[in-house]
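**Q** Compute the structure for the input listed below.
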Amino acid sequence: MNKLLLSILLILFLLEGKAVQSRIPRIGETAPELKLTGLLQTSGKLDENLKSLQGKVVVLEFWATSCAPCIEAMPRLNSLSEKYKDRNIQFISISNESVEKVKPFLKKRRINGWVGIDGNYEMTKTYNVEYLPFTVLIGANGKILRYQQNELLSEEMLNNALEGKEPFQPDKPVPADEKPSVPDFQEPLYELSIRPSVQKGMSSSISPNIFRIKGIEALEVIKTAFDAELLQTEVTTTLPAGKFDIVSTNLKKGSPEWSWRTPLQKLLQDVWEIDVRREQKEMEVYELVTTSAAKKRLVKAKPGDRKESTAEGVLVGRNSSIAILAKILQDLTAVPVVNLTNLNEGFDYNLYYNAKEPETIIASLEKEMGLKLLKVKRPVELLLISKRE
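**A** From the prediction side, this is the model:
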């Protein structure tokens, strides 16, 4: 294996299970019927509103309350929606979350246009939505003009759509059936991979059986792999630049929980030619503690997948532990954070701050969650990362 490569993919899988959907609608094809279970920020019946879209340009924006890049993009999309509000165009932001989760979010963060609820994941599956945010531009004739991430949506594209110009060419092949002919794709039973990322912001799904993350920097994945997310780091070598998408799963069913860490640790050290160890040192840190308002302000999560997502000016967690929140706060403030809350449950939160002044997250933390950061001096365990001899 060439250790100088920044991207390697090690996948070992045996095929079993059912085949998944093989294609999504092509550019230039008629868009599938819009099947939503609910529609917010409009009046009248759902069916009547959907029928009113005939003859209009439609922007479908797939998003989630737990997607920080989605939240970061909202002001720009709102600006486009406002500019074209008197034109023959309708913006529809689609979430597969429940109405009970979306409505409280909309009270804090404005979204122009309609907000669709994809309660049965019908539209998410139809368009094979794997990354958020995800945009579908549909012409007035009902044909798909473009798939893309919403930060690329421009006035020129909307103007062309309103003028009925020919469909745009996609930035990259989208329909799966245009890929080389292979047997129906099956989920891998085991996967270990690292590759450069094209994701804006960061999203993750971490459990005792699998680690899957997109848009993470080298230092952060090292800390996660070595179960050292809260540790201050001392790096004496040059780590790979850019961001990465990482996957590591337990070897098989019945494997010990979190056993995905061991192969990932070896992979990172071998590919990046580094050594990782721990050491104690006294330094100034933040202690994360609860205030009297915590009981009222903390929102306990319902059972479900854990998610954290960050973007400029917003930090989002769903079923996220306070330990992981402490790690993210440490990254933002550039000061070690020691979790003294004794809170072990998962919580939901949206924290907003001034990206140019990261310490403003401290005030947001107390206002939204009733948690406080206190600066003290104490011994701290460090994670040391050096070049392999």
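**Q** show me where pLDDT drops low in the protein?
**A** 1-23, 149-151, 166-187, 200-201, 230 (pLDDT under 70).
**Q** Show me the longest helix that occurs in it.
**A** Longest helix in the chain by number of residues, with DSSP state H as the criterion: helix 68-83.
**Q** residues in contact with that helix?
**A** 61, 63-64, 91, 93, 109-113, 132-133, 150-151, 153, 155, 158, 199-203, 309-316, 350 (CB atoms under 8 Å, 6 or more residues apart in numbering). Using the backbone N, CA and C atoms, a C-beta is placed for each residue, glycine as well.
**Q** Just the residues you listed: which are in helices?
**A** The members of those that map onto helices under DSSP H are 155, 158.
**Q** Can you go through the contacts of helix 68-83 and name the buried ones?
**A** Among those, the ones that count as buried by 16 or more other CB atoms under 10 Å are 61, 63-64, 91, 93, 111-113, 132-133, 150, 153, 158, 199-203, 309-311, 313-316, 350.
**Q** Where do the strands of the stretch 1-150 of the chain begin and end?
**A** 8-12, 38-40, 57-62, 89-95, 114-117, 134-138, 144-148 (DSSP state E, counting those that start in this stretch).
**Q** Give me the buried positions along the second one.
**A** Within strand 38-40, the residues that count as buried by 16+ other CB under 10 Å are residue 39.
**Q** What pairs with that strand, parallel or antiparallel?
**A** Here strand 38-40 has these sheet partners by DSSP bridges: strand 114-117 (antiparallel).
**Q** since we're on the closest residue to residue 40 other than its chain neighbours, how many residues are nearby?
**A** The shortest distance from residue 40 to any non-neighbouring residue, by CB to CB, 6 or more residues apart in numbering, is to residue 115 (4.1 Å). Residue 115 has 24 neighbours, counted by other CB atoms under 10 Å.
**Q** Please name the bridge partners of residue 115.
**A** With DSSP bridges as the rule, residue 115 is bridged to residue 40, residue 93.
**Q** And residue 380, by the same measure?
**A** Beta bridges link residue 380 to residue 281, judged by DSSP bridges.
**Q** Can you point out the buried residues in the longest helix of the chain?
**A** Buried-residue list, helix 68-83, by 16+ other CB under 10 Å: 68, 69, 70, 71, 72, 73, 74, 77, 78, 80, 81.
**Q** and if you look at stretch 112-128?
**A** Those would be 112-118, 122-124, 126-128, for stretch 112-128 by 16+ other CB under 10 Å.
**Q** with those residues in mind, which one is nearest to residue 239?
**A** residue 128 (33.7 Å; CB to CB).
**Q** just to revisit the earlier point, unless I'm mixing things up, the residue nearest to residue 40 is touching residue 36, no?
**A** No. Counting by CB atoms under 8 Å, residue 115 sits too far from residue 36 to count as a contact (9.8 Å).
**Q** Nearest residue to residue 113 in space, please, no chain neighbours.
**A** Here the residue nearest residue 113, using CB to CB, 6+ apart, is residue 91, at 3.3 Å.
**Q** separation between the one you found and residue 138?
**A** Distance check for residue 91 against residue 138: by CB to CB, to the nearest Å, it reads 11 Å.
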